[in-house]
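**Student:** pasting a predicted model and its sequence here:
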Amino acid sequence: MKKAEFAKTLGAMIVGGVFALGGVAANAAENAAGVKEHMDMTVKTTKEAMEAAKAGNESGCLASIKQAKQHYKEITGDAAGKPLQDAMKRMKEAQAECEKEGGAAAGAAILAEVVASMEKIQANIK
């Protein structure tokens, strides 16, 4: 009986947590300010990835790319159009380079292109 009660309580906590997190994420980028905030953070973390790659820090590059992808997931609407999707595809290529031993320089070059593309997109977000 105690296991059943524990399972119900745990299930309720998990469901409640999912709804709570979903509400936070939905509110973050449903409005223009949320989209702009996450675009700014995507650009910022992509620049951090580029700087880490330039310094030869593959693990720092990968950590910043991971953060940039999380912020990108929160961007909705027209801001998440084809140009931003294309930039994210290039970021995946940079990630693959940074995952290779000694691939940071190639990753940095790709990330420089990604940052330039993202800054153009960012300038058009109001």
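**Tutor:** The structure has been received and is ready for your questions.

**Student:** helices of the chain, residue ranges please.
**Tutor:** For the chain, the helices defined by DSSP state H occupy 2-29, 32-54, 58-73, 82-99, 104-123.

**Student:** how about those in a markdown table, adding mean neighbour count?
**Tutor:** In this view, the C-beta of every residue, glycine as well, is placed from N, C-alpha and C. Converted to a markdown table, the helices of the chain look like this (neighbours: other CB atoms under 10 Å):
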| stretch | mean neighbour count |
| --- | --- |
| helix 2-29 | 10 |
| helix 32-54 | 20 |
| helix 58-73 | 19 |
| helix 82-99 | 17 |
| helix 104-123 | 18 |
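
**Student:** how about JSON lines for the ones you listed, with mean pLDDT added?
**Tutor:** Shown next, in JSON lines, are these (pLDDT from 0 to 100):
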{"stretch": "helix 2-29", "mean pLDDT": "52"}
{"stretch": "helix 32-54", "mean pLDDT": "92"}
{"stretch": "helix 58-73", "mean pLDDT": "94"}
{"stretch": "helix 82-99", "mean pLDDT": "94"}
{"stretch": "helix 104-123", "mean pLDDT": "94"}
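
**Student:** Gly56: neighbouring residues, count only.
**Tutor:** Using other CB atoms under 10 Å, Gly56 has 12 other residues around it.
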